[in-house]
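Chemist: following is a predicted model, sequence given first.
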Amino acid sequence: GVKVAGGTYWHVVPEVIGPLLERQGGLMHACEAETSMIMHLRPESVRMERLAEAFGPMSTRVEGQPPGLAMRRSFKTISPSGVVGDARVASAEKGAKLLAAISTKMAELLLNPKLWA
């Protein structure tokens, strides 16, 4: 009798992520957003001395790949740094703002009683 929903926060509430970013429209891998959130939550996990090289392509998609087609590729072939996006402008302050916006919007959506009727 338990109702279950599944989703990833960057797909469920992208409208609160993009406006808080400087160099990208949304969340990517090890990017401005993810690095900022880790800087806020676990700053000791970020190698600040390598931040200057923490950037890569702005997409994992090759030219002509339709949005509905998911293709997995090794990050070694996509980005030598392992970053998709640009983490060079990441900050703990931005991470705090992202986490607050994401959690507030997710809670608002999940508290909608119509989802669980």
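Modeler: Okay, I see it.

Chemist: residue 46: how many residues sit nearby?
Modeler: 19 (other CB atoms under 10 Å). C-beta here means a position set from N, CA and C on the backbone, and glycine is covered the same way.

Chemist: test my guess that it contacts residue 37.
Modeler: No: Residue 46 lies out of contact with residue 37 (CB atoms under 8 Å); the separation is 10.3 Å.

Chemist: just the residues contacting the lowest-mean-pLDDT helix or strand in the chain, thanks.
Modeler: Ranking every helix and strand in the chain by mean pLDDT, DSSP states H and E puts helix 75-78 at the bottom, with a mean of 87. Helix 75-78 is contacted from outside by 29, 56-57, 60, 82, 84, using CB atoms under 8 Å, 6 or more residues apart in numbering.

Chemist: now do stretch 54-63
Modeler: Counting by CB under 8 Å, 6+ apart, 24, 28-30, 35, 71, 73, 78-88, 90 sit against stretch 54-63.

Chemist: ok, stretch 80-90 next?
Modeler: 22-24, 27-36, 39, 46, 51-60, 75, 78.

Chemist: still on that earlier bit, which ones among the contacts of helix 75-78 lie within helices?
Modeler: Among those, no residue falls in helices (DSSP state H).

Chemist: what's the closest non-adjacent residue to the most centrally placed residue in the chain?
Modeler: In the chain, the centroid-proximal residue (CA atoms, centre = their mean) is residue 27; its distance is 3.0 Å. Nearest residue to residue 27 in three dimensions, chain neighbours excluded: residue 10, at 4.1 Å (CB to CB, 6 or more residues apart in numbering).

Chemist: on that earlier part again, now the least confident helix or strand of the chain - C-alpha only, PDB.
Modeler: Extracted in PDB, the C-alpha atoms of helix 75-78 (Å, rounded to 0.1, in the frame of the first residue of the first chain):
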ATOM      1  CA  PHE A  75      34.200  10.100 -19.300                       C
ATOM      2  CA  LYS A  76      37.800   9.600 -20.400                       C
ATOM      3  CA  THR A  77      36.600  10.200 -24.000                       C
ATOM      4  CA  ILE A  78      34.200  13.000 -23.100                       C
END
